[in-house]
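Participant: take this sequence and fold it.
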Amino acid sequence: MVLPCIVLHCVCRSSRTCRRTVSTTTTQRSNHSQDDAQQQQHGGGGTSLATVIRHAFGTKWATLGGIAFVAQMFAVVTAQVVKGAQLTSKMAGVPYVVGCMVPTSGVGLFAFLAKPQVAERANTILTTLMIGGFVALLCSTVATG
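Facilitator: So this is what the prediction gives:
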C-alpha cells in the first residue's frame, strides 16, 4: 500500500513541477532576444527530463535520473542491435557480427550526416510505423482470442 502512495505522490509532484517548468520556459522564451530564439530553433532550450526532475526533486536526483535514463537507453539500444543482428543474420545469411555492424553503421551514418529536419522526419515516420505495428499486433491478438 505504501509503494502506490509514493508513486502517486511522485507523479503528482512531477506533473505540477512540469506544468510550472513549461510555463516558466514559455515565458522566458517570449523574453529572449533574436539570437536566443535562433539558438532554440536549432536545438537549444526546451524542457528536458533532467529539467523536470531537477525542479521537482533537486540536482542530486536529476543527476541520478540522468544516469538511470542513459543506462536505460544503452540497454534498449543493445537489445535492439542484438535482435536486429539475429534477424539480419538469418534472413541475409551473413555472420552475426556483420548483422550487428552493417545495419547499426548505416543508421548511425544517416543520423550523423542527415540534416536535423530529415532525421526528425525519419524518426517520426519510424515511430508511427512502430506504433502501427503494435496496434496491429494488439488487434490480431484480440481477434484470435
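Participant: show me where the protein has helices.
Facilitator: Taking DSSP state H as the test, the helices found in the chain are 2-31, 34-41, 49-57, 59-92, 96-113, 116-144.
Participant: any low-confidence regions in this protein?
Facilitator: Along the chain, the model assigns pLDDT under 70 to residues 1-46.
Participant: measure Ala68 to Ala62 for me?
Facilitator: 11 Å (Cβ to Cβ, to the nearest Å). Using the backbone N, CA and C atoms, a C-beta is placed for each residue, glycine as well.
Participant: make that Val94, sorry
Facilitator: From Val94 across to Ala62, the span is 43 Å (Cβ to Cβ).
Participant: if we can go back for a sec, more neighbours, Ala68 and Ala62?
Facilitator: Ala62 (19 against 11; other Cβ atoms under 10 Å).
Participant: ok, that one - contacts?
Facilitator: By Cβ atoms under 8 Å, 6 or more residues apart in numbering, the residues touching Ala62 are 50-51, 53-54.
Participant: if we ignore the residues flanking it in sequence, what's nearest it?
Facilitator: Arg54 (3.6 Å; Cβ to Cβ, 6 or more residues apart in numbering).
Participant: swap in Leu49?
Facilitator: Phe69 (6.2 Å).
Participant: neighbours around the one you found, how many?
Facilitator: By the criterion of other Cβ under 10 Å, Phe69 has 14 neighbours.
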